[in-house]
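# here's a sequence, model it:
(chains A and B)
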Number of protein chains: 2
Amino acid sequence: MAAPSGSKRLRFMRRSIRERVPPLLTDLYQFTMAYAYWRAKRHQEPAVFELFFRDAPFGGGFSLFAGLTDCLLFLREFRFSDEDMDFLSSVMPPDTDSAFFQFLRGLDCSGVSLRSVPEGSVVFARTPLMEVAGPLAVVQLLETSLLCLVNYASLVCSNAARFRLAAGPSKKLLEMGLRRAQGPDGGLSASRYTYIGGFDLTSNVQAGFLFGIPVAGTMAHSYVTSFGSLEEVWPQTLVALNGDPDPVNVVSLTKGWLSRVCKLLAAEPGKIREGELAAFLTYAIAYPQNFLPVIDSYSVGCSGLLNFCAVALMLCELGYRPMGVRLDSGDLCKQSLEVRRVFTLCCKHFSIPAFDSLVIVGTNNISEQSMVELSKKENEINTVGVGTHLVTCTKQPSLGCVYKLVEVRGRPRMKISEDPEKSTLPGRKSVYRLLDSEGYPFLDLVSLVGEPAPQAGLPLSCFPLGCDGASTSVTAAQVICLRQEVFINGEIWKPLESMAVTRAKVQSSIQTLHVRHKRLQEPESYTVALSESLHKLVTEIQTDSSSSSSILLAN
Amino acid sequence: MAAPSGSKRLRFMRRSIRERVPPLLTDLYQFTMAYAYWRAKRHQEPAVFELFFRDAPFGGGFSLFAGLTDCLLFLREFRFSDEDMDFLSSVMPPDTDSAFFQFLRGLDCSGVSLRSVPEGSVVFARTPLMEVAGPLAVVQLLETSLLCLVNYASLVCSNAARFRLAAGPSKKLLEMGLRRAQGPDGGLSASRYTYIGGFDLTSNVQAGFLFGIPVAGTMAHSYVTSFGSLEEVWPQTLVALNGDPDPVNVVSLTKGWLSRVCKLLAAEPGKIREGELAAFLTYAIAYPQNFLPVIDSYSVGCSGLLNFCAVALMLCELGYRPMGVRLDSGDLCKQSLEVRRVFTLCCKHFSIPAFDSLVIVGTNNISEQSMVELSKKENEINTVGVGTHLVTCTKQPSLGCVYKLVEVRGRPRMKISEDPEKSTLPGRKSVYRLLDSEGYPFLDLVSLVGEPAPQAGLPLSCFPLGCDGASTSVTAAQVICLRQEVFINGEIWKPLESMAVTRAKVQSSIQTLHVRHKRLQEPESYTVALSESLHKLVTEIQTDSSSSSSILLAN
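Next up, the predicted model:
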């Protein structure tokens, strides 16, 4: 494997993050706000922001959290250049004090710390995922970039996990969405995070290069239709694997097999496409050990399957092992059953055991819904390729993470909205995941930093969100502290995880979920609850706010 | 403006295309197919591919074509490195001949030519947009990258154009979707192509830097909620513009205005948020000429609007000119009317003419549908900001352009499918757009290269697609040749257009469309028709195919 090694890959990713997420790749208002803070001498005030989403994507009960590695690299590399300042000063209002740009020029994330849920964790709506603490102006400037890095990564990773749940554990899943992604970098992110979410393969070669994801793919219809006749087959020979050095003429050999196959299947030879046979033969001659053609460019039953069998039987006769076929249209389940029936028949009739282990790949604009239907029906598909619906997340193309201020100068901050869903939770927090006696998570507890952690086995009173302030008592069999310090004062605090490790964690994290939270349709909503102290703080701020008889007009 | 100049920007874009679209950013099967062609010595055969889409996006009648500039730069820079080859040889089947990698290493697009519809043109389903001609192996390798560059660019550009149509010509449109885009590069593409599609502004600073798009934005809710009291306002003074050098205490001045505003509007001072006033004041002190706060962090009517008026009146008193307000929730139309009523009232009551030209910005998860509804209702919104629905194209997150082989070695190629929609059109083509006597395009004629061009004023028999082969006679008042040679044997053939030029072309191109094709809902489908010769060729190939009594089994 010539893919970059661990450290080489990390070097690439550091360089790449500077190119992909330059510090100007953010909303202008971050700078105008930073300037106003700076003018008011508030820019160094310690502040805390929280990143979370309000609804689980795709109508499901959970999301996966992804994008953390990129966030960490982004924070470590965050620095403005002189060129950035030249441009910025040209678009900021003309009355901006030029000393502000000197301030920005010297800025980095050495004062920033980040606590986060681990990459690849199952997470729920309203649970604070990341806490970003640091000087007010700096943490404000980070908002858009962090959201941009987390939103799509988490969304497409969750989408992949749902396809995996729909497909079951045994099918191989191939991501092949590059041509339909939001441009080149979107395509790379899709390959990377769908692999983490549970896919096995990608068609994207650059994703294999950069991230070590296994790549796959053989041929498109254009390859098949580019051939018109057997005269185009060249060379026409293969050397058998049995050691005989004399090349064998495979065209005549294959024609012989084709006759026998037609006879066995009582097929009409007149409907067989010669160009298709030429395409298959040429490919098989080039790759006798990797023969997996697409067999529905014309007609599976009348042409493609027969041509495949003839070429594959020829390969077997010469000692090679054909791989299988791809179906790219029509009713994949039904066709796969017929294809398998023919494979089994050939296996028995011609005594060719290799035909018993041929692979059937299905690709045909697969959506989550069609994957669910496919899984319910009898089928013989071994590998499913998914493109458009996977990478564009058709069902819900954005996650909607938000980044909200929760504390300034040690004082809790809260956005109070008439829509309670849009209110934020004030203060710095600890987040605990409570598991029941069977090991299933059943509640995320959000408490204030400094409160004692909940104890396993002891009843606990808390206030589930969305229940109009009603309290409930719960007892956890096990308590997990959900977030970790991952970036402290400018330094990445833990070694970055490999993609393979994160990918494994995703699957084990999903496995711990109870089916009532995991099921794709109409899941039970997972409970996120406030501790008594946090609930008290929320109530106080709300009361305080509504009764705040303003002293504004005293003067 | 310190944005890159024309040539500097072009240099950036060339470098950027190599980084964004390295030649390995493609599907693996392009390489396995190229290898099979190479083995069969077919790799140098002249071949022609065509790029088109089968359905106009968003249920509309048209699309815009975008991404051509990137395609041209990509073609010019297309070259593999040794490192690419090292990696590729590790993932290709092990029996791949190593001479193939030497062949790839020497490959470029010097044998490739491209004819294309101009960037920013209105285009229709089934019209061939780009024709890529060159050596078979090379043009096959280009497929995924060209699709990736055209698909999202055209989709998001079309989406922007629909928002523009929904909004009408007078409102300013601001793109602000970076945080919800498919990662960083998706966000940049969104800013770039929505500007081309008819937006005026972006929040994305890097897009301003790279592409010269005007950037805008002032403050978020977090800025407002970060303030708790007027004690946080610093400095508390401003110098009036009238030349008086003594700084004026603006806190007491604003309090005075707030009293008067409350009295005028019969508002309850007790409900006014002191923190919000502090936030507005601090921002106004920093940017007295750019004061445009978000006024719904708490309550527009009870607090935000009153605080705005007080601060804005103070600014006017000192000779400054406040800009306006942003509304970010609730019924934007209704609120804008109330806000405008208050502005007009203040203007008259306090004799402050500047209050008559304040801007109202509306942002609240705007979709195409809500933009349509907004335009129907009475409202006083001047600028609309659109994020998620614009950049993710929620209504249809992929365009589905395809890239199909139409000719090899001078011989037409056609994919014949049981679904006529999925069949391709064989041969190299000319494409003409026929306009009626009022100047509206009414038909795109697809004919074979070498056929005489249709003549204005002369009746023409042709075969509209989707009409089961029925012919029709049409007479054009004007005929436009739709495609141009843009890349010939490795060279970009025309100077690359500036974004401003393309953007203007989009609007004039849409303006030529008849409302029956342009309307957002239930447009009439535009006619794309085949010339008699092309229709004859299609019929011949189809007949030939169904009657092709194979000689396969003669041997």
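
# what's the separation between the closest residue to residue A:322 other than its chain neighbours and residue B:42?
What sits nearest to residue A:322 in space, not counting adjacent residues and going by C-beta to C-beta, 6 or more residues apart in numbering or on different chains, is residue A:312, at 3.8 Å. In this view, the C-beta of every residue, glycine as well, is placed from N, C-alpha and C. Look at residue A:312 and residue B:42: by C-beta to C-beta, to the nearest Å, they are 22 Å apart.

# just residue A:235 next, same as before
Relative to residue B:42, residue A:235 is positioned 12 Å away (C-beta to C-beta).

# so residue A:108 sits in a strand?
No: inclusion of residue A:108 in a strand is not indicated when DSSP: H, G, I helix; E, B strand; the rest coil is applied; the result is coil.

# nearest residue to it other than its sequence neighbours?
Here the nearest residue to residue A:108 in space, its sequence neighbours aside, is residue A:79; by C-beta to C-beta, 6+ apart that works out to 5.3 Å.

# what's the burial count for the one you found?
The local packing count at residue A:79 equals 15, with neighbours defined by other C-beta atoms under 10 Å in any protein chain shown.

# look at it and report its pLDDT.
The confidence metric pLDDT takes the value 96 at residue A:79.

# list the contacts for it?
Shown here is residue A:79, whose contacts under the criterion C-beta atoms under 8 Å, 6 or more residues apart in numbering or on different chains are A:23, A:107, A:108.

# now do the phi/psi pair for the closest residue to the first one other than its chain neighbours.
Put plainly, it is residue A:23. Closest residue to residue A:23 apart from its sequence neighbours, by C-beta to C-beta, 6+ apart: residue A:80 at 5.3 Å. The phi/psi pair for residue A:80 (degrees, to the nearest 10) reads phi -90, psi 150.

# just checking, residue A:80 touches residue A:108?
No: under the criterion of C-beta atoms under 8 Å, residue A:80 lies out of contact with residue A:108, with a separation of 9.1 Å.

# flag every residue of the stretch 351-500 of chain A that's near chain B.
A:388, A:392-394, A:397-401, A:403-405, A:408, A:411, A:413-419, A:422 (C-beta under 8 Å from any C-beta of the partner chain).

# give me the ChimeraX select line for these, limited to the buried ones.
What follows is the ChimeraX syntax selecting those of those that are buried according to 16 or more other C-beta atoms under 10 Å in any protein chain shown:
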select /A:388,392,393,394,397,398,399,400,401,403,404,405,408,413,414,415,416,417
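
# of the residues of the stretch 351-500 of chain A next to chain B, which belong to strands?
Secondary structure of these is defined by DSSP state E; positions in strands are A:401, A:403, A:404, A:405, A:408, A:411.

# wait, which of these is closest to residue B:544?
Residue B:544 has its nearest neighbour among these in residue A:401, at 56.6 Å by C-beta to C-beta.

# in the sheet, who's paired with that closest one?
With DSSP bridges as the criterion, residue A:401 is bridged to residue A:53.

# report whether the expected contact of it with residue A:52 is present.
Yes: judged on C-beta under 8 Å, residue A:401 makes contact with residue A:52 at a distance of 6.8 Å.

# what touches both of these two?
Any residue near both residue A:401 and residue A:52 by C-beta under 8 Å, 6+ apart counts here, and that gives residue A:129.

# rewinding a little: neighbour-wise, which of residue A:235 and residue B:42 wins?
A side-by-side neighbour count of residue A:235 and residue B:42, using other C-beta under 10 Å, places residue B:42 first with 20 against 14.

# that one and residue A:232 touch, don't they?
Yes: using C-beta under 8 Å as the test, residue B:42 is close enough to residue A:232 to be in contact (6.9 Å).

# identify the contacts common to these two.
When contacts are counted by C-beta under 8 Å, 6+ apart, residue B:42 and residue A:232 have residue A:282 as shared neighbours.

# quick check: next helix or strand after whichever helix in chain A runs longest?
Of all the segments assigned as helix in chain A under DSSP state H, the longest by residue count is helix A:143-167. Next in sequence after helix A:143-167, counting helices and strands by DSSP states H and E, comes strand A:172-175.

# that following strand and chain B, are they touching?
No: on the criterion C-beta under 8 Å from any C-beta, strand A:172-175 is out of touch with chain B, staying 10.1 Å away.

# quick one, phi psi at the closest residue to residue A:232 other than its chain neighbours?
Nearest non-adjacent residue to residue A:232, counting by C-beta to C-beta, 6+ apart: residue A:278, 5.2 Å away. Note on residue A:278: backbone dihedrals following degrees, to the nearest 10 are phi -60, psi -40.

# return the residues in contact with residue A:278.
Remark: with contacts taken as C-beta under 8 Å, 6+ apart, residue A:278 is in contact with A:227, A:228, A:229, A:230, A:231, A:232, A:233.

# in TSV, list the residues you listed along with neighbour count.
As requested, the contacts of residue A:278 are arranged in TSV below (neighbours: other C-beta atoms under 10 Å in any protein chain shown):
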residue	neighbour count
A:227	25
A:228	16
A:229	12
A:230	19
A:231	11
A:232	20
A:233	21
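
# for those, which one is nearest residue B:345?
For these, the closest approach to residue B:345 (C-beta to C-beta) belongs to residue A:227, at 77.9 Å.

# Three-state assignment for that closest one, please.
For residue A:227, the secondary structure call by three-state DSSP comes out as coil.
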